[in-house]
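A.B. asks: need a structure here:
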Amino acid sequence: MLQNHTLEHRKHKRQELPKAIALSPGNACVLINISRSGLLFKSLSPVAWPAKWSLDIITVKREFDIEDCPVELVWTKKDDKLIGSSTRMQTVGVKFGDLNLSQGTKLYYLLSNFNYTFSVNLFRESLLI
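C.D. replies: Numbering: from 1, shown residues only. Okay, the predicted model is just below:
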């Protein structure tokens, strides 16, 4: 009988995100963790995410931001647990694309000084909390 084993592909340690939420048009997302390689979030509504897009990382007090970070979809998984009568959350993993020098430096700084609560703007036109 085959057993389901999850392979660990991470190169960088993931940081847990305290109270980080983002809203995208028609969808709310809860951010789970972030590393130098990418981030993980839960989507309240299953969405057909594009293969590539850009996002913004912004601290809640707006004292720090990384704009227009390229990301690539790595995987999605529809969660087993129902929310409400019929809604299932979707877990989404993305990796960062080629960050420019400024974006990479800011991301390194953010992860090295992890005293921030921040949100990620999943689409450039999203509303942040």
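
A.B. asks: Now stretch 105-118: average pLDDT?
C.D. replies: Stretch 105-118 carries an average pLDDT of 76.

A.B. asks: for the lengthiest strand in the chain, packing partners?
C.D. replies: Counting residues, the longest strand found in the chain (DSSP state E) is strand 65-83. Packed against strand 65-83 by the contact rule (3 or more C-beta pairs under 8 Å, 6 or more residues apart in numbering; DSSP states H and E) you find strand 38-43, strand 52-59, strand 87-96, helix 101-112. C-betas here are computed from N, CA, C, even on glycine.

A.B. asks: L31: which of those is closest?
C.D. replies: When the helices and strands packed on strand 65-83 are compared by C-beta to C-beta, strand 38-43 sits nearest L31, at 4.8 Å.

A.B. asks: Surely L40 touches K95?
C.D. replies: No. Using C-beta atoms under 8 Å, L40 makes no contact with K95, being 10.4 Å away.

A.B. asks: related to what we said a few turns ago, what pairs with the longest strand of the chain, parallel or antiparallel?
C.D. replies: In the sheet, strand 65-83 lines up against strand 52-59 (antiparallel), strand 87-96 (antiparallel) (DSSP bridges).

A.B. asks: Can you give me the buried ones in it?
C.D. replies: Using 16 or more other C-beta atoms under 10 Å as the test for burial, strand 65-83 gives I66, C69, P70, V71, L73.
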